[in-house]
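Visitor: sequence first, then the predicted structure, then my questions.
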Amino acid sequence: MILSGKELAANIKAGIAADIPHLKEKYGRVPHLVVILIGNDPASESYVRGKAKASELVGITNTTIRKPVETTEEELLSLIYQLNRDDKVDGILVQLPLPDHINEPTIVAAISPEKDVDGFHPLNLAALYQNRPCILPCTPKGIIRMLKAANVSIEGKRAVVVGRSNIVGMPVARLLMNENATVTIAHSHTVNLAEITRQAEILVVATGHAHLITEDMVSDGVVVIDVGISRNPQTGKLVGDVDFDNVAPKASVITPVPGGVGPMTICSLMENTVECFINRMKFKKNY
Ligand code: NDP
């Protein structure tokens, strides 16, 4: 089965769009997402446009703030503090990666945790790793949603996650564990990766290393979630971390690139923005 995220994401976004008028009626305004883009990296430009388009589709307010690549860390921090204080802003997202002269962890930690729609703030991640309520990082959240929608049973399965970033690998491993999978996390220092990946009943790959996973590295019937995105320098096309054509015949379920996990990431972002909005509105009501 080729597991496309497009249809599922479209359904979830339609559900959000249907809820927005009720939220407006109840709270007097719609959720507001602010996206900050530093510089003009083409891939980041396209992600930012995708976020604006999805916001428009579901009916939330999106403000994209574009700043030149020379923007200093202090200027960016000052902008974030201003947005943190702005009562009419519910979600703040700084498009990554940032230019080298800006320290990413400093920026991510400056965003108010209650407006951290990406779920990257250290306090959100700490809560996730402690299995406490938090804003879930978008891509891992979308992956679990996709697996459930495809009726893939996770409980008791041997899952292997290749990649250990705080954006994808580690949170997805935690969420799989929450579903009672037994999880192995592999990374760039893993010795004999193939030996590990062949044990996987569910394989999530998030390395950014094109076609890292070949057919000899998976067992029959495996469920493959390909998160990686790279661009083929010859064709300019997007490719995943999995050699799709050769792995697909062995897999019971596999996600394509593009069109697999990507749409679910944006749809989780829309959900997180609404969640932050509702949490803030409830907080205001109670105090
Ligand atoms: P990072 O670069 O932060 O992390 C990559 C991880 O892959 C690291 O843990 C690294 O190991 C590991 N790795 C790299 N090379 C190998 C290798 N040869 N064998 C085993 N492990 C390896 O990337 P992200 O986690 O942020 O993103 C991963 C990919 O997912 C990227 O292609 C990104 O574009 C894509 N992505 C896609 C999204 C979507 O919506 N579809 C959303 C977010 C990301 P180590 O820790 O040892 O360095």
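Guide: Thanks, I have the structure now.

Visitor: hey, where'd the strands end up in the stretch 101-250 of the chain?
Guide: Counting by DSSP state E, counting those that start in this stretch, the stretch 101-250 of the chain has strands at residues 158-162, 182-186, 202-205, 223-226, 230-231, 238-239.

Visitor: with mean pLDDT added, can I get these in JSON lines?
Guide: Output for those, formatted as JSON lines (pLDDT from 0 to 100):
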{"stretch": "strand 158-162", "mean pLDDT": "98"}
{"stretch": "strand 182-186", "mean pLDDT": "98"}
{"stretch": "strand 202-205", "mean pLDDT": "98"}
{"stretch": "strand 223-226", "mean pLDDT": "98"}
{"stretch": "strand 230-231", "mean pLDDT": "92"}
{"stretch": "strand 238-239", "mean pLDDT": "94"}
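
Visitor: what does the stretch 1-150 of the chain have sitting close to the ligand?
Guide: Residues of the stretch 1-150 of the chain lying close to the ligand by Cβ under 6 Å from any ligand atom are residue 139. From N, CA and C alone the C-beta is placed, and that goes for glycine too.

Visitor: one step back: right, and the strands of the stretch 101-250 of the chain - which one's nearest residue 47?
Guide: Distance to residue 47, taken as Cβ to Cβ, is lowest for strand 238-239 among the strands of the stretch 101-250 of the chain, at 12.3 Å.

Visitor: can you name every helix or strand that that closest one contacts?
Guide: strand 230-231 (3 or more Cβ pairs under 8 Å, 6 or more residues apart in numbering; DSSP states H and E).

Visitor: hang on, the earlier thing: now the strands of the stretch 101-250 of the chain in JSON lines, with distance to residue 134 and mean neighbour count?
Guide: Listed next are those as JSON lines, based on distance: least, Cβ to Cβ, whole Å; neighbours: other Cβ atoms under 10 Å:
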{"stretch": "strand 158-162", "distance to residue 134": "19", "mean neighbour count": "25"}
{"stretch": "strand 182-186", "distance to residue 134": "19", "mean neighbour count": "18"}
{"stretch": "strand 202-205", "distance to residue 134": "20", "mean neighbour count": "27"}
{"stretch": "strand 223-226", "distance to residue 134": "22", "mean neighbour count": "26"}
{"stretch": "strand 230-231", "distance to residue 134": "30", "mean neighbour count": "15"}
{"stretch": "strand 238-239", "distance to residue 134": "30", "mean neighbour count": "18"}
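
Visitor: can you put those strands in TSV and add distance to the ligand?
Guide: Below are these laid out as TSV (distance: least, Cβ to the nearest ligand atom, whole Å):
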stretch	distance to the ligand
strand 158-162	5
strand 182-186	6
strand 202-205	8
strand 223-226	8
strand 230-231	6
strand 238-239	10
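
Visitor: just the element for residue 271, please.
Guide: Element membership for residue 271, per DSSP states H and E: helix 261-286.

Visitor: tell me the buried residues in that helix?
Guide: 261-278, 280-281 (16 or more other Cβ atoms under 10 Å).

Visitor: gap between that helix and the chain center?
Guide: Relative to its chain's centre, helix 261-286 lies at 13 Å (Cα atoms, centre = their mean, to the nearest Å).

Visitor: check contacts around residue 131.
Guide: By Cβ atoms under 8 Å, 6 or more residues apart in numbering, the contact set of residue 131 is 174, 178.

Visitor: can you do 7 Å?
Guide: By Cβ atoms under 7 Å, 6 or more residues apart in numbering, the residues touching residue 131 are residue 178.

Visitor: next one: residue 141
Guide: residue 268.

Visitor: what separates it from residue 264, distance-wise?
Guide: Distance, residue 141 to residue 264, by Cβ to Cβ, to the nearest Å: 8 Å.

Visitor: kindly report the same for residue 238.
Guide: 16 Å.
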